[in-house]
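Peer 1: only geometry, no sequence info:
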């Protein structure tokens, strides 16, 4: 009887604990198919993600006609319209590439002011995640919040029929620029196992963002961190 009681108490305690594997990163489409095969067809419908709590997602729209950003279940997708940046807050779009997860609770960490470059940020995220019990051999999401010194960004607007895909052409195909002193929320996914799937071959991170004033959102090409920025990782206990 005591053994049964102990088992019940143990199950109750476990049910209230958040573990690193409570979230699961999923993806559809692959960068290598886009870049090497010119396959920009729809691989996923965003409508499947509607009403999912704690949803975070990034990617590229069908036919590379815009960027996908979803923060805590709220879409803030960006695309070009008459050469200008426009936004779509619905789940009506399809994706040629998407990475997504659900996170119920985040743990917050101050980023040292000595962390400035993208590479320094990647190393800091890896160290911090590993130190907090996140399995870095599996993909995981992260958020960066605060005032970035600069963000180089783009929103892809691909010309249908063009099969010659390069990163530089993607950048120049649609709205792009460099923001300075940008108050923003960055959504990223880290993985050391998904190069050419949802991260480029030179990095373990794929990052999108939106500014606090909701005037710009899209894919991050380069970022230079500002002072007193915050990193958020899925909470583990």
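Peer 2: Arrived safely, thanks for sending. This structure is a prediction, so every number in the text was calculated from the model and none was measured.

Peer 1: okay, and for this protein, where does confidence drop off?
Peer 2: Residue ranges of the chain with pLDDT under 70: 1-21.

Peer 1: Tell me which helix or strand the residue nearest to the spatial centre of it sits in.
Peer 2: Residue closest to the average C-alpha location in the chain (CA atoms, centre = their mean): residue 188, at 3.2 Å. Per DSSP states H and E: residue 188 is located in strand 176-190.

Peer 1: can you check residue 207 too?
Peer 2: Per DSSP H and E: residue 207 is located in strand 205-211.

Peer 1: mind listing the helices for this structure?
Peer 2: In the chain, the helices defined using DSSP state H lie at 2-15, 31-37, 118-131, 167-173.

Peer 1: Which residue ranges make up the domains of this structure?
Peer 2: Residue ranges for the domains of the chain, per automatic domain parsing: 18-101, 105-234.

Peer 1: what distance separates the last one from the middle of the whole chain?
Peer 2: Using CA atoms, centre = their mean, to the nearest Å, the distance from the centre of domain 105-234 to the centre of the chain it belongs to is 7 Å.

Peer 1: Would you mind measuring the gap between the ends of it?
Peer 2: End-to-end distance of domain 105-234 (CA to CA, to the nearest Å): 6 Å.

Peer 1: Let me see the contact set for the closest residue to residue 167 other than its chain neighbours.
Peer 2: Closest residue to residue 167 apart from its sequence neighbours, by CB to CB, 6 or more residues apart in numbering: residue 200 at 7.0 Å. All C-beta spots, glycine's among them, are computed from the backbone N, C-alpha and C. Residue 200 makes contacts with 31, 167, 206, as judged by CB atoms under 8 Å, 6 or more residues apart in numbering.

Peer 1: ok, which stretches of this structure are strands?
Peer 2: For the chain, the strands defined by DSSP state E occupy 26-28, 44-45, 55-61, 67-71, 74-75, 77-81, 84-88, 94-102, 106-110, 140-154, 176-190, 205-211, 217-224, 230-234.

Peer 1: returning to that earlier point: note down every partner strand of the strand holding residue 188 and its orientation.
Peer 2: Strand 176-190 pairs in its sheet with strand 140-154 (antiparallel), strand 205-211 (antiparallel), by DSSP bridges.

Peer 1: Can you give me the buried ones in it?
Peer 2: By neighbour count on 16 or more other CB atoms under 10 Å, the buried set for strand 176-190 is 176, 179, 182, 184, 185, 186, 187, 188, 189, 190.

Peer 1: Can you name the residues bridging to the residue nearest to the centre of the chain?
Peer 2: With DSSP bridges as the criterion, residue 188 is bridged to residue 142, residue 207.

Peer 1: how far away is it from residue 172?
Peer 2: Residue 188 is 23 Å from residue 172, where distance means CB to CB, to the nearest Å.

Peer 1: and if you look at residue 129?
Peer 2: Relative to residue 172, residue 129 is positioned 34 Å away (CB to CB).

Peer 1: Was I right to think residue 46 contacts residue 96?
Peer 2: No: judged on CB atoms under 8 Å, residue 46 makes no contact with residue 96 at a distance of 11.8 Å.

Peer 1: Neighbour count for those two, which is higher?
Peer 2: A direct count of neighbours by other CB atoms under 10 Å for residue 46 and residue 96 places residue 96 higher, at 26 against 23.

Peer 1: Tell me how far the closest residue to the more buried one other than its chain neighbours lies from residue 69.
Peer 2: Nearest in space to residue 96, with sequence neighbours left out and distances taken as CB to CB, 6+ apart, is residue 40 at 4.8 Å. Distance, residue 40 to residue 69, by CB to CB: 18 Å.

Peer 1: mind listing what residue 80 touches?
Peer 2: Residue 80 sits next to 65, 66, 86, 155, 157, 174, 175 when contact means CB under 8 Å, 6+ apart.
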